[in-house]
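Chemist: Got a predicted structure here, sequence first:
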Amino acid sequence: MSGDIDEVKQKLPMPALLHQMGLGDRARKSARCPLPGHEDENASFGIFKTRGGAWQFKCFSCNNGGDEIEFLRQYENLANGAAIKRYLDLAGANGSRLTPRTFREVKAVMQRGDAIRPQQAFD
């Protein structure tokens, strides 16, 4: 299962996930935290790529962080299993998926380190 999730994370990395959820303005290194439970008036939230290539989020205001599934778990107040299912659904692992052209575009923008605009992430 972990290998399957790792493959899906290649298809729907953190920046694309945030855009799909309507949080595209938070898909960068410094932004206000979108997680519920605190008012964030400063840019304490960011996403970054680890040395191993995985995407992570971190909020220095509420001290939360993690991968795409952990973000969904906290943002939508889901149990871990429900967060995994929701992520797989959003990634299209149960049907629809990103097109190869779209995936290449998203990957190129992420490698440049730019914030991804919604029209860049999806057809």
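Modeler: Thanks, I have it.
Chemist: and the residue lying farthest from the centre of the chain, what does it touch?
Modeler: For the chain, the largest distance from the centre (CA atoms, centre = their mean) belongs to residue 41, which lies 21.3 Å off. Neighbouring residues of residue 41 by CB atoms under 8 Å, 6 or more residues apart in numbering: residue 32. (C-beta placed from N, C-alpha, C; glycine too.)
Chemist: And it, how far from residue 82?
Modeler: Per CB to CB, to the nearest Å, residue 41 is found 31 Å from residue 82.
Chemist: low-confidence ranges in this protein?
Modeler: 1-3, 94-123 (pLDDT under 70).
Chemist: which residue is nearest the middle of the chain?
Modeler: residue 14 (2.1 Å).
Chemist: So it sits against residue 27, correct?
Modeler: Yes. At 7.3 Å, residue 14 counts as touching residue 27 under the criterion of CB atoms under 8 Å.
Chemist: Please enumerate the shared neighbours of those two.
Modeler: residue 47.
Chemist: tell me what the helix or strand in which residue 19 is found is packed against?
Modeler: Assigned by DSSP states H and E, residue 19 falls within helix 14-20. Judged by 3 or more CB pairs under 8 Å, 6 or more residues apart in numbering; DSSP states H and E, the packing partners of helix 14-20 are strand 45-49, strand 55-59, helix 68-75, helix 80-90, helix 100-112, helix 118-121.
Chemist: and the third one with strand 45-49, angle?
Modeler: Inter-element angle recorded for helix 68-75 and strand 45-49: 170 degrees (by axes from the mean of the first three to the mean of the last three CA atoms, to 10 degrees).
Chemist: do you know how far residue 65 is from residue 26?
Modeler: Applying CB to CB to residue 65 and residue 26 gives a distance of 14 Å.
Chemist: Sorry, slip of the keys, the one I care about is residue 66.
Modeler: Taken as CB to CB, the span from residue 66 to residue 26 is 15 Å.
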